[in-house]
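Novice: Give me a 3D structure for the following:
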Amino acid sequence: MLEIHPVNNTYSEPIIDLILNIQQKEFNIPITIEDQPDLLKIEEFYLNAGGNFWGAFINGELVGTIALVKFDEKAAAIRKMFVKKEFRGKEYNIAQKLLEILIAYCHENRIDEVYLGTISVLKAALRFYERNHFGIIAKESLPVKFPVMSADNVFCFLNLKANS
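Specialist: Prediction:
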């Protein structure tokens with residue numbers, strides 16, 4: 001049975017294990033925990049600024065994550081959208097449910113613009129975002145305050161005011 005709920009620093013270890021395994025082992029992305037200090041400071045980096053961090057659990061096992069960094073009054077960035085390989089796809093629909101919870105949170109908290117950065121090798125992720133009405137935008141079109149991750153080379157935008 002799938003449960004999705006907000007997580008905090010007490011979940012840092014399983015979150016780091018899940019994300020680094022996917023980044024390093026599955027997709028050979030040369031990224032380390034040192035490149036992602038936010039994972040050691042979930043409350044400080046995500047929650048205190050008005051964003052959130054959710055975990056998806058099946059029988060108590062962390063199988064997915066999504067986070068929201070609020071970087072402006074009405075704008076935020078999706079971060080850390082990962083689902084364990086064995087739990088991807090239509091059968092579980094975890095990525096979709098995580099995104100829907102994040103979007104609902106944005107509506108409740110008057111966040112109208114959602115951005116994200118990803119990596120071109122994550123083709124399924126890009127297709128997923130496009131299916132969910134995100135458009136690809138140039139890096140130069142990102143808001144000045146958008147927190148760019150060094151590995152990201154594809155950027156997407158969703159205007160919630162236009163899609164509500």
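Novice: Name the residues of the lengthiest helix in the chain that are buried.
Specialist: Longest helix in the chain by number of residues (criterion: DSSP state H): helix 94-108. By neighbour count with 16 or more other CB atoms under 10 Å, helix 94-108 contains the buried residues 94-95, 97-99, 101-103, 105-106. Bear in mind the C-beta positions are built from the backbone N, C-alpha and C, glycine included.
Novice: Mind putting the residues you listed into a markdown table with pLDDT?
Specialist: Shown next, in a markdown table, are the buried residues of helix 94-108 (pLDDT from 0 to 100):
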| residue | pLDDT |
| --- | --- |
| 94 | 97 |
| 95 | 97 |
| 97 | 98 |
| 98 | 98 |
| 99 | 98 |
| 101 | 98 |
| 102 | 98 |
| 103 | 98 |
| 105 | 98 |
| 106 | 98 |
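Novice: Now residue 150, what are its backbone angles?
Specialist: phi -60, psi -30 (degrees, to the nearest 10).
Novice: Next, count neighbours for it.
Specialist: By other CB atoms under 10 Å, 8 other residues sit near residue 150.
Novice: List the residues that contact it.
Specialist: residue 35 (CB atoms under 8 Å, 6 or more residues apart in numbering).
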